[in-house]
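Enquirer: Here is my input, please return the structure:
(2 chains)
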Amino acid sequence: MKWIPFLRVAVILLLLGILETLCQLGVIDNFTMPPPTRIAQDLVNILLSGKLNAAIAKTLSNAAIAFALAVSVGIVAAVLIHATPSLREALDPLFATYYAIPVLAFYPLLIIIFGLGSIPKILIAFMLGVVAVIVNTLNGLDRVPRVLRKSARIARLSAVQTALKITLPYAAPFVVTGVKFAIAYALIGIIGSEFIMSTDGMGFEIAFAYNNFDNATMYPLIALVVMVSISANMALGVWERRILTRRGLQ
Amino acid sequence: MKVQSDTDLHVTLRGVKKVFHAEQGDVHALGPIDLDLRRGEFYAVVGPSGCGKSTLLELLAGLSSVTEGDIRFEGQPIGGDIPDGVGVVFQEDACFPWLNVSQNIAFGLEQRRTPAALQDELLAHALGVMGLEAFAKSYPSQLSGGMRQRVCIARTLVLQPRLILLDEPFGALDQQTRLLMGEELLKLWRDTGATVFLITHALDEAAMLADRIGVMSARPGRLLETVSTGWPVDRDSRIVESPEFGQVTARLWQRLREESMKSIGKEKRA
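Expert: From the prediction side, this is the model:
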């Protein structure tokens, strides 16, 4: 099965090759989309020139803040909610319908409250991600066997110690799923709000380039966003696989 | 050498009763029970399923509190608080799957902030006693059920408990493994001098391991009779070949048969 990773890379290269050919042959005209090799060159040029470094740094740091908030607040909230059955029953309908709410619709409201800075965007990204972390962590906490909770009591662990040393480690595979969602939602939330209304960031630059028919900026930035998101997910995937392998789940 | 005298009481239960309050009405699960465990003795409890054996163990472990009565361990009342010096091994797999064997065993030592050098020493000893040296760095998922139960026993043992409570610890294991684990349990009991309280549904297990065996009634669980085996301290599983073993097992079954039928009848009616 060692050749499977190569096969996966080959599939991606093949698709890129087809896209490249279609662009080079003019089936896809260059005003619609430049060939992938061109996009790659443009991306290198953008990164080397440094003209968009501030925008990239802004977006990635905001996404990182939103991600860290969603994960930490989400895990703590899940532990508290799990320990309080009545609170859980009260919140369950909210969690069940939460992702039917278009959170981005609150963005204008948040701008009115906090102004056109980073805070509304971070809040949007946080709101998108935090519930995924809570729901997945709760799912994991529900699966902690009774005997492990008993063992924690026998070891005379406090409630906080039990969460940190027993229940959260047990729930780790589920927490990781929530964390993966949080990464994706952090980028979606930040870049999405930058698209809608912003003065800086990658989303703003992509929208700006779009309005100016500037394919040499728009496509490389889109490619960069995709690459950042996939790399972050893959890094988490490595961690996830390590956890699952230890538990004999993979 | 084990010092045993009738006045050296390690655990005492007086009029212990447990009633669970449920919406459908109260369930009288256990008692009243009076029982004395001598320091260093191996006491087993057998009883029909659902008779409250595990409830009794949870009371002793301090995991739940009595409705009536009084339990004392080394003279101190156990009132729903986890007493120091008590170790528990459960039937279910209680290994921590995210920790390797060494980390599992050392968990309680870490918790107590035992000095690192002493930790290493106790850990090495526990690994050796339980035959787990070769698996020190393995994860529980890589071990068989019997091995995982060894890890749990080692995790309890390493804390040097003076009272060890075992809730059907070999219930999930195959018969040969049970016999061998029973033999190892006897060895541990001799080496540590701890008082052992074993709950089991297997009459032969109780008859082979214990000094005294309490036979429990169907719910609400009470002690019907205590059978003394009179085995020497340095016994092992070969005791099952002796005629006395047959007599003890027969005596236990005689008392249990009726009770088991009662509890099965109850289930049928329910």
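Enquirer: which parts of chain B sit against chain A?
Expert: For chain B, the contact set with chain A under C-beta under 8 Å from any C-beta of the partner chain comprises B:61, B:63, B:82, B:86-88, B:90, B:92-94, B:96-99, B:107-108, B:111, B:139, B:141-142. C-beta here means a position set from N, CA and C on the backbone, and glycine is covered the same way.
Enquirer: count of neighbours near residue 145?
Expert: You didn't pick a chain, so chain A it is. The tally of other residues near residue A:145 (other C-beta atoms under 10 Å in any protein chain shown) stands at 14.
Enquirer: switch to chain B, that's the one I care about
Expert: Number of residues near residue B:145 (other C-beta under 10 Å) recorded here: 13.
Enquirer: isn't it right up against residue B:170?
Expert: No - contact between residue B:145 and residue B:170 fails when scored by C-beta atoms under 8 Å: they sit 9.7 Å apart.
Enquirer: Buried residues, the strand or helix carrying residue B:165. List them.
Expert: In this structure, residue B:165 sits in strand B:163-167 according to DSSP states H and E. Residues B:163, B:164, B:165, B:166, B:167 are the ones in strand B:163-167 that count as buried (16 or more other C-beta atoms under 10 Å in any protein chain shown).
Enquirer: helix or strand for residue B:259, which one?
Expert: Following DSSP H and E, one finds residue B:259 within helix B:243-269.
Enquirer: any weak-confidence spans in chain A?
Expert: Scanning chain A with the threshold set as pLDDT under 70 gives A:1, A:250.
Enquirer: residue in it nearest to chain B?
Expert: In chain A, the residue found nearest to chain B is residue A:248; the distance is 2.9 Å by C-beta to the nearest C-beta.
Enquirer: who touches that residue in this structure?
Expert: When contacts are counted by C-beta atoms under 8 Å, 6 or more residues apart in numbering or on different chains, residue A:248 touches B:139, B:141, B:142.
Enquirer: count of neighbours near the closest residue to the first one other than its chain neighbours?
Expert: On the basis of C-beta to C-beta, 6 or more residues apart in numbering or on different chains, the spatially nearest residue to residue B:139 that is not a chain neighbour turns out to be residue A:246, at 4.7 Å. One way to gauge burial is a neighbour count; for residue A:246, by other C-beta under 10 Å, it gives 20.
Enquirer: One more: residue A:231?
Expert: 10.
Enquirer: For it, give me the backbone phi and psi.
Expert: When read as degrees, to the nearest 10, the backbone of residue A:231 gives phi -60, psi -40.
Enquirer: how much space is there between it and residue A:6?
Expert: With distances taken as C-beta to C-beta, to the nearest Å, residue A:231 is found 19 Å from residue A:6.
Enquirer: swap in residue A:214?
Expert: For residue A:214, the distance to residue A:6 equals 36 Å [C-beta to C-beta].
Enquirer: Between those two, point out the one with more neighbours.
Expert: The neighbour count for residue A:214 versus residue A:6, taken as other C-beta under 10 Å, is higher for residue A:214 (14 against 9).
Enquirer: elements contacting the helix holding residue B:259?
Expert: Contact analysis of helix B:243-269 by 3 or more C-beta pairs under 8 Å, 6 or more residues apart in numbering or on different chains; DSSP states H and E lists helix B:203-209, strand B:212-216, strand B:223-228 as its packing neighbours.
Enquirer: List the buried residues in that helix.
Expert: For helix B:243-269, by 16+ other C-beta under 10 Å, it's B:245, B:248, B:249, B:251, B:252, B:255, B:256, B:259, B:260, B:263.
Enquirer: Roughly how far does the first one sit from residue B:230?
Expert: Right, residue B:245. Counting by C-beta to C-beta, the gap from residue B:245 to residue B:230 is 11 Å.
Enquirer: again, but for residue B:172
Expert: Distance from residue B:172 to residue B:230, by C-beta to C-beta: 30 Å.
Enquirer: Which of those two has more residues huddled nearby?
Expert: Between residue B:172 and residue B:230, counted using other C-beta under 10 Å, the more crowded position is residue B:172 (15 against 9).
Enquirer: name the element residue B:148 belongs to?
Expert: For residue B:148, the host element (DSSP H and E) is helix B:145-157.
Enquirer: now the angle from that helix to strand B:163-167?
Expert: Here helix B:145-157 runs at an angle of 150 degrees relative to strand B:163-167 (axes from the mean of the first three to the mean of the last three C-alpha atoms, to 10 degrees).
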